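> Need coordinates for the following:
(one chain, ligands or ions: 1)
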Amino acid sequence: MTELALLQNVRPNAGSVTDILIQNGRIAKIAPEISDLPADVTLLDGGGDIALPGLIEAHTHMDKTLYGLSWQPHSAGPTIRDKVDNERRIVKKLNIDSAQRSATQTRLEIGNGSTHIRTHVDVNNERGLGYLEGVLATQAAFKESVTIQVVAFPQQGILASPGTEAYLNEAAKLGIDCIGGIDPSVIERDPVKHLDIIFGIADKHGLGIDIHLHEPGQLGAFTVELIAERTKALGLRGKVMISHAFCLGGVDEPYLDRLTQMLLDNEIAIMTHGPGQSVYPPILKLSAAGVILCTGSDGIRDSWGPYGNGDMLERVMWLGYRSNFRRDEELAIALSMATTGAAKALGVENYGLDVGCDADIVVVKGETVAQAIMDRAARRLVLKRGKVTAADGHCLV
Ligand SMILES: [Zn+2]
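Residues are numbered from 1 along each chain as shown. Purely as a prediction, here's the structure:
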C-alpha cells in the first residue's frame, strides 16, 4: 500500500515556498501547490517556515546523561583523568540506568529536530556491556523515529583499564557501528598499542572508528598521523572520525596543511563541538580544503559538565559564537556540520531535500537560515521518513 503525505507551504533551505510530496517515506516531488492527490493523503502544514534536512547529532554520550534528573553540581577536577575518575563515582552513586537515560535524551533530541544520532557508549571492566545493552534497547525502541549509530567507547582507556579489550571484542558482535578510542598517549601512555587494538577490532568486524582525541599540539598531531597511517593500511578510508582533534588548532600552518592532506586522502572526518576552553580545529580553513566536518552536543548535563539541551541548532549557534562567525555564509558552514557534513561523516545515505531522499525533515521558523539559528524557535514539525515524530517542539514518540 502506498503511503502518501504532503508537506505544504515550506521553504526548503529558506528558498521559495513549495510543497513536498512524500511517498513511502521518500521525497517524491517538490513543486508549488501540488494537487490532485488521493483522499487519504496526510496533509502537513508547514506554515511558510523553513524546511531543513533532519538535524544530525554526530557526537554525544546518551548512556550517561543526567538530563531530567535532579541537578548535580559539577564536582570534577580540571584534567581528563579527574573527570573520568569523578564520573566513575557519580554513575555508581546514582545507579544510572542507561536504557532510561538514553531514551530520555532520544526524545529530547527528536523534539529538537534530530533524525540521526551517533552516541558513544561506555564499555569498561566495571560496567561490562551493561550500558551498551541499554542503549541498544533504546536504538531498537526508537528505530522508526530516529537512526541511532552506536560507538563502543573505552572511556577509561583499554590499556589503563585491563579487561576492556575483551569487552570491546564482544561489543563488536552486537550490531554496533564503530569502535571508539581515547587519547592514546595521555590516557593510555602507549599510542601505537592503543591504536593497533582498536583498528584491529574494527578491521576484524568491518566497523568504523571514532576516536576521542583531546591531546594538544604536536602530541595530538602525531596521533593524527598514526590514525591516518592505519586508516590507509587497513583500507578504512571514509570510515574513521576523529572527535575533538584540539591539536588541529595548535600546530603551525605548514604542519596543519600536511595533516589536512592526510585527512583528505583518507576521508577522515573531524567532529568539534566548539569547546569552551581548548583551542580547536579551524573550521573555515578545513571546510575550504574540503575536510568532512560535523558537530555534536558531546555530554549533555552529565558529570563532565552542566551544559547541553540536545538542540543541534543551538549547538550550531555555540559553534558560530566560539568561532566568531558573523556572516550568513559562515553560519551556513556551521549548520552544514549538523546536516550535510554530518551526513557524510556518519555515512548517512539518501540524505537531503532532493527527490529520492529519505523524508527526514525539520520545519523551523525563520526568514533566513541564519535567523533560524539565532532564534531557535520550537520546531514546528519533525519528520522521520515522512512520519511526524515531533510538533511544536514536543516529541510525539
Ligand atoms: Zn565525547
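> what packs against the host helix or strand of F222?
Counting by DSSP states H and E, the element that carries F222 is helix 217-233. Packing partners of helix 217-233 (3 or more Cβ pairs under 8 Å, 6 or more residues apart in numbering; DSSP states H and E): helix 191-205, strand 208-213, strand 240-244, helix 253-265. No exception for glycine: its C-beta is placed from N, CA and C like everyone else's.
> Make JSON lines from those and add distance to N169 to it.
Below are the helices and strands packed on helix 217-233 laid out as JSON lines (distance: least, Cβ to Cβ, whole Å):
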{"stretch": "helix 191-205", "distance to N169": "6"}
{"stretch": "strand 208-213", "distance to N169": "15"}
{"stretch": "strand 240-244", "distance to N169": "19"}
{"stretch": "helix 253-265", "distance to N169": "28"}
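> how about those, which one is nearest A372?
Closest of the helices and strands packed on helix 217-233 to A372 is strand 240-244, at 26.1 Å (criterion: Cβ to Cβ).
> partners of that closest one in the sheet?
With DSSP bridges as the test, strand 240-244 is paired with strand 208-213 (parallel), strand 269-271 (parallel).
> how far does it sit from the chain's center?
Remark: strand 240-244 is offset 11 Å from the chain centroid, using Cα atoms, centre = their mean, to the nearest Å.
> now the helices and strands packed on helix 217-233 as CSV including mean pLDDT?
Compiled in CSV, the helices and strands packed on helix 217-233 are given as follows (pLDDT from 0 to 100):
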stretch, mean pLDDT
helix 191-205, 98
strand 208-213, 98
strand 240-244, 98
helix 253-265, 98
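> any chance of those in CSV, plus distance to G290 and mean neighbour count?
Listed next are those as CSV, based on distance: least, Cβ to Cβ, whole Å; neighbours: other Cβ atoms under 10 Å:
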stretch, distance to G290, mean neighbour count
helix 191-205, 24, 19
strand 208-213, 20, 25
strand 240-244, 16, 25
helix 253-265, 6, 16
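> among the ones you listed, which is nearest A334?
Counting by Cβ to Cβ, A334 lies closest to strand 240-244 out of the helices and strands packed on helix 217-233; the figure is 16.6 Å.
> With just CA atoms, put that closest one into CSV.
Output in CSV follows, covering the C-alpha atoms of strand 240-244 (Å, rounded to 0.1, in the frame of the first residue of the first chain):
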residue,chain,number,x,y,z
VAL,A,240,37.2,7.0,10.5
MET,A,241,36.3,10.0,12.6
ILE,A,242,38.5,12.0,15.0
SER,A,243,36.4,13.7,17.6
HIS,A,244,37.6,17.0,19.1
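> quick one: secondary structure of R326?
Under DSSP: H, G, I helix; E, B strand; the rest coil, R326 falls in the coil class.
> Give me the nearest residue to A289, chain neighbours excluded.
Nearest non-adjacent residue to A289, counting by Cβ to Cβ, 6 or more residues apart in numbering: T260, 5.1 Å away.
> dump the residue contacts of the residue lying closest to H273 once chain neighbours are set aside.
In space, and not counting its chain neighbours, H273 is closest to D298: 4.6 Å by Cβ to Cβ, 6+ apart. D298 makes contact with 59-61, 273, 304, 308 under the criterion Cβ atoms under 8 Å, 6 or more residues apart in numbering.
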